[in-house]
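Undergrad: how would this look folded up:
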Amino acid sequence: MASPKEMDVVRRAYELWQRAGEPPDKDQEFYHQAKKQLQEALEKENQDRTSTGYPPADTNEV
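TA: Residues are numbered from 1 along each chain as shown. As a prediction, this is how the structure comes out:
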């Protein structure tokens, strides 16, 4: 199973943290939330790609 890129997770976590009003000591909470959101989006994208005949997206590309 593919995983989201680390930098994408960090960026999303920062965005979530800012939207929540930048609460202190919540970095791990937002990191895990971001990773879950991106993982779900990636899985959905891969399901959509597979159902249309395209190969799954490769998240390890640079």
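
Undergrad: kindly list the longest helix within this structure.
TA: helix 27-51 (DSSP state H).

Undergrad: tell me the mean pLDDT over that helix?
TA: Per-residue pLDDT over helix 27-51 has a mean of 92.

Undergrad: spatially central residue in this protein, please.
TA: Centroid-nearest residue in the chain: Leu38, 1.9 Å away (criterion: C-alpha atoms, centre = their mean).

Undergrad: which non-adjacent residue is nearest that one?
TA: Pro4 (3.7 Å; C-beta to C-beta, 6 or more residues apart in numbering). To be clear about C-beta, it is placed using only N, CA and C from the backbone, and glycine gets the same treatment.

Undergrad: against Gly53, how distant is the residue nearest to the centre of the chain?
TA: 24 Å (C-beta to C-beta, to the nearest Å).

Undergrad: thought the residue nearest to the centre of the chain was touching Met7?
TA: No - look at Leu38 against Met7 with C-beta atoms under 8 Å: they stay out of range, at 10.9 Å.

Undergrad: what about the longest helix of the chain, distance to the chain center?
TA: 4 Å (C-alpha atoms, centre = their mean, to the nearest Å).

Undergrad: which SS class is Pro24?
TA: Judged by DSSP: H, G, I helix; E, B strand; the rest coil, the three-state class of Pro24 is coil.

Undergrad: what confidence value was assigned to it?
TA: Per the predicted model, pLDDT is 97 at Pro24.

Undergrad: relative to Thr50, how far out is it?
TA: 42 Å.

Undergrad: those two - which one has more neighbours?
TA: The neighbour comparison of Pro24 against Thr50 (other C-beta atoms under 10 Å) goes to Thr50, with 11 against 6.

Undergrad: state the distance from the more buried one to Lys35.
TA: 22 Å.

Undergrad: do the same with Leu42
TA: Relative to Lys35, and taking C-beta to C-beta, Leu42 is found at 10 Å.

Undergrad: now Arg12
TA: For Arg12 relative to Lys35 (C-beta to C-beta), the value is 8 Å.
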